[in-house]
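1. Quick check, what structure comes out for this input:
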Amino acid sequence: GVNTLSIATSGALAALPTSNFTAGTLALTAANGIGSSSAALQTNSSNIALTNTGSGGIYLTNSGDFTVAAKSTNGDVVIRGSNGATAGAAGSSITVGMVNGLNGITTTGNAGVQLTAGNGTAGAAGADGTAQNGNAGGAGGSLNLGLIQTDGALNLRAGDGGVAGRGGMGRTGRML
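-> Just a heads-up that it's a prediction; the model follows:
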């Protein structure tokens, strides 16, 4: 991927149907929204700066742990970390901080902020025919909060940990 990817538009920045933005640092600016409540923008970045200067909000889901900063003039900011992708994988953690000169998350008007870290996935099951234990579930993602300013609702949710995989089913003897 690219080290820093900056995109600015005078319209809306819509979600891509089958792919995502990938960069070490992603800086997105739009006049009429980033993603939508029905189709969040999908990203895979370590550092994300988001600015919405007009109508619409900011709706984004990121793969992997990341630091985010966002400013929305008239719309909600809804940021989600992805769930673990494989058995026993941890969910994405979110840190609110300084990215690309933007600090924290700020909304104006009655717009709200919702941050949801990713859930861990269940561990792999033990092999049947053995007494093998199942593997541990992945840790839920965490929220590491910096500056958040909003006049609207503030909803925060850390990710749930995945359950451990079931143990293997042992062999049973046969009666002759």
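
2. which residues pair with residue 81 across the strands?
-> residue 62 (DSSP bridges).

3. Contacts only, for residue 3.
-> By CB atoms under 8 Å, 6 or more residues apart in numbering, the contact set of residue 3 is 23-25. The way it works is simple: take the backbone N, C-alpha and C, and place the C-beta from them, glycine included.

4. Okay, now the sheet partners of the longest strand seen in the chain, with direction.
-> Secondary structure of the chain per DSSP state E: the longest strand is strand 41-52. Partner strands and pairing direction for strand 41-52 (DSSP bridges) are strand 21-30 (parallel), strand 58-62 (parallel), strand 66-72 (parallel).

5. Mind listing what's buried along the shortest one?
-> Put plainly, it is strand 58-62. Neighbour counts over strand 58-62 (16 or more other CB atoms under 10 Å) mark 58-62 as buried.

6. Could you dump the residues you listed into JSON lines with pLDDT and distance to residue 94 added?
-> JSON lines is the format used below for the buried residues of strand 58-62 (pLDDT from 0 to 100; distance: CB to CB, whole Å):
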{"residue": "58", "pLDDT": "94", "distance to residue 94": "13"}
{"residue": "59", "pLDDT": "94", "distance to residue 94": "14"}
{"residue": "60", "pLDDT": "94", "distance to residue 94": "10"}
{"residue": "61", "pLDDT": "93", "distance to residue 94": "11"}
{"residue": "62", "pLDDT": "93", "distance to residue 94": "8"}
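
7. Pipe these into CSV and attach distance to residue 110 per row.
-> Shown next, in CSV, are the buried residues of strand 58-62 (distance: CB to CB, whole Å):
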residue, distance to residue 110
58, 15
59, 17
60, 20
61, 24
62, 26
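
8. circling back: now for the strands paired with strand 41-52, which one comes closest to residue 10?
-> strand 21-30 (8.2 Å; CB to CB).

9. Report the beta-bridge partners for residue 115.
-> The partner residues for residue 115, given DSSP bridges, come to residue 79, residue 156.

10. Help me confirm that it comes into contact with residue 94.
-> Yes. When contacts are counted by CB atoms under 8 Å, residue 115 is listed as touching residue 94 (5.6 Å).

11. lowest-confidence stretch among the strands paired with strand 41-52?
-> Mean pLDDT is lowest for strand 21-30 among the strands paired with strand 41-52, at a mean of 87.
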